[in-house]
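**Q** With the input below, show me the fold.
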Amino acid sequence: MALVGLKCTSRLPNVVKNVFGLPSICNVYHANKFLRNKCVTVCFFQRTLHFKTIQFSLKNAFEGREKNVKSLHAYRQYSSESEKSLLSSCPTEFVDFLKTNKISRCFFAWNESEKRVVASHPELKEIEDWLNDPKSAHYQQHEAVFLAVGMRTNCLLGAFLWKVDRGQACGGIRMTPFTSVEHYLGEGLRLSRRLGVKSALAGLWVSGGKGLILEPKDRQHIQPEFRQKIFYDYGDFVSSLNGCFIAGMDTGVNAFDLYNAHTHTRWMVSGPEDIGGSGNAAAILGKGLLCAMEAALNFLGAGDLSGMKVAVQGAGGIGLAVTSGLLDRGAAHVFVTDTSKKSIGDLHDALASKARGRLKVEKVSIGDNAIIGYDCDIFAPCAVGHVLTPNTILDIKAKIVCGSANALLASERDANLLVERDVTYVPEFIPNRMAFVNAANENYGRMYNDPAIERHFDKNWEHSIYYLTQEILKIASEKNISVIEAAHKLADTYSMQKHPVWPDRTKSIIRNLIDGRWHHGQDFWRKRRNFAKSDCS
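**A** Predicted structure coming up:
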């Protein structure tokens, strides 16, 4: 039974436990005024979500008893049941746990000499054991996980770094709600590995990373002032990591958020174009997707996009770019769906004259995936992830699935179902790399018709989208494995290649952070010039 709320007009003494018949640990109550009518209502909240309200008289209970009690800053468990584990607790409870133990920063890092993950604090042993458990399969060659509590907002901030042989970890910041600490950590580890695979296959000299911000429960993040403080916090957090992690944009984050973060760190990409950011990558994402489609068709001996019927799920920026490119390349028919009436209307208005009867658009309800069963040559999911499930895969009529939405497969194991259905699947992290490429190249400057961008659309470069698509399909066919397995095998090989100019630099920074007691608040700078007390108010 856990104490949730206390409606009281008095200071409660230690003997209140005698009124309830509860153990002595229940003496940690707090009330703000003196006893008036000798009556108090205390609400208890059980895990079954049932409330029990007890009214009782304290007239005699206060006589000769101590009146001063400690303040209750966070709820505690008072039952014979075992305490909730750290991993199953919600992230806000984890933040309270960290603050109670005076931990503002912590890490979980690979220790090469011990061949295991080591936590920064003994209080985090449970998570350390979970990461080291081979059955969990979460910590897959990751170099480190850094966590911090925002000094202005108390938001949980995270940076996840996959194997860093190719260079600094780079990845977008995602701000979403998470159900548990295990969910938070699991997502960060999974997404950073996915970006590491994408980066290695793309031939970039950066490694996989992911930034996570726990979305506040009370939706404070929609308030402009509080939201600004969130990204000030994240900027300070990234600065404290001394360049081993470069943050960009992902779900729940916009360019202005990154501008705010950028005022507190230099280790940021994907900011607004007017301050040097790489800008919207929809056009080159669409171009990359077209390259992958052409490569898959060529691999199957089916020619090119001319005369093909294509179903595109999603009429946003990428869907618009892909549809336009398909029409330019002579596609016989393009069918586009979206849940937004405006997006559908905008796409139709932009392309109707070019289409000349070859374009059909339809506004659908949220969750409507009927387009998966459309009779076509290529299905291109460019809206949301997890659309390929054991059930929906049975409906596919297309010979090729090639889309840009992240995590198209609900489970990577389902890739084998596509093989059984004789469907050629191009893993989305090959064609949708271009937003990541666009951001990762920011620090090298920008130019029109950038050759560092254009080579990804070449047919002969070993890391180009066209070349890699065919290579992965070939490996999968020859070794009788799924394309996901083939892509990961190739990525593992590339990911072990060391940065040609700065080999092991990022590993050295991580070790230096740990040895320099980063987790105890030690920072590289002596004085933070852009930090004022008012920022924390």
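
**Q** Output the contacting helices and strands for the longest helix along the chain.
**A** Among the elements of the chain assigned as helix by DSSP state H, the one spanning the most residues is helix 181-202. The elements that helix 181-202 packs onto, with contact taken as 3 or more Cβ pairs under 8 Å, 6 or more residues apart in numbering; DSSP states H and E, are helix 91-100, helix 125-132, strand 144-149, strand 156-161, strand 169-176, strand 207-214, helix 434-440, helix 483-495. (C-beta placed from N, C-alpha, C; glycine too.)

**Q** what's the most centrally placed residue in the chain in contact with, if anything?
**A** The C-alpha lying nearest the average C-alpha coordinate of the chain belongs to residue 174 (Cα atoms, centre = their mean; 4.5 Å). In this structure, residue 174 makes contact with 187, 191, 210-213, 250-253, judged by Cβ atoms under 8 Å, 6 or more residues apart in numbering.

**Q** Between which two of these is the distance greatest?
**A** Farthest pair in the contacts of residue 174 (Cβ to Cβ) is 187 and 253. Separation: 14.8 Å.

**Q** who has more neighbours, those two?
**A** residue 253 (23 against 18; other Cβ atoms under 10 Å).

**Q** Specify the local secondary structure of that one.
**A** Assigned with DSSP: H, G, I helix; E, B strand; the rest coil, residue 253 falls in the coil class.

**Q** so how far is residue 405 from the residue nearest to it when sequence neighbours are not counted?
**A** Nearest residue to residue 253 in three dimensions, chain neighbours excluded: residue 173, at 5.0 Å (Cβ to Cβ, 6 or more residues apart in numbering). When distance is defined by Cβ to Cβ, to the nearest Å, residue 173 is 19 Å away from residue 405.

**Q** Tell me which of those two has more neighbours.
**A** Each of residue 173 and residue 405 had its neighbours counted (other Cβ under 10 Å), and the higher figure belongs to residue 173 (26 against 20).

**Q** Can you name the residues bridging to that one?
**A** Going by DSSP bridges, residue 173 is paired in beta bridges with residue 211, residue 249.

**Q** Got the phi and psi for residue 117?
**A** When quoted as degrees, to the nearest 10, the phi and psi of residue 117 stand at phi -80, psi 140.

**Q** got a list of what it touches?
**A** 108-111, 128, 131-132, 139.

**Q** Put the buried members of the contacts of residue 174 into a PyMOL selection.
**A** The buried subset of these, as determined by 16 or more other Cβ atoms under 10 Å, is captured in PyMOL by this line:
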select buried, resi 187+191+210+211+212+213+250+252+253
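
**Q** In terms of distance to residue 312, which of the contacts of residue 174 ranks first?
**A** Taking Cβ to Cβ as the measure, residue 312 sits nearest to residue 251 out of the contacts of residue 174, at 21.2 Å.

**Q** The residue nearest to the closest one when sequence neighbours are not counted and residue 406, how far apart?
**A** If the residues on either side of it in the chain are set aside, residue 251 comes closest to residue 174, at 4.8 Å by Cβ to Cβ, 6+ apart. For residue 174, the distance to residue 406 equals 11 Å [Cβ to Cβ].

**Q** can you map out the helices along the stretch 401-537 of the chain?
**A** Under the criterion DSSP state H, counting those that start in this stretch, helices of the stretch 401-537 of the chain are mapped to 415-420, 434-440, 451-454, 465-479, 483-495, 505-515.

**Q** sorry, back to before: which residues does the residue nearest to residue 253 contact?
**A** Contact partners of residue 173, counting by Cβ under 8 Å, 6+ apart, are 211-213, 234, 247-250, 253, 257-258, 261.

**Q** if I look at it, how far off is residue 112?
**A** According to Cβ to Cβ, residue 173 stands 28 Å off from residue 112.

**Q** quick one: stretch 354-374 to chain centroid distance?
**A** Here the centre of mass of C-alpha atoms in stretch 354-374, compared against the chain's by Cα atoms, centre = their mean, to the nearest Å, lies 29 Å away.

**Q** With stretch 104-120 instead?
**A** Relative to the chain's own centre, stretch 104-120 is displaced by 21 Å; criterion: Cα atoms, centre = their mean.

**Q** Stretch 383-398 now?
**A** Taking mean C-alpha positions (Cα atoms, centre = their mean), stretch 383-398 and its chain are 22 Å apart.

**Q** buried sites along it?
**A** Neighbour count says stretch 383-398 has 383-384, 387-389, 392-393, 396, 398 buried, by 16+ other Cβ under 10 Å.

**Q** Now flag whichever of those residues is closest to residue 217.
**A** Distances from residue 217 to these, taken as Cβ to Cβ, are shortest for residue 384 (23.9 Å).
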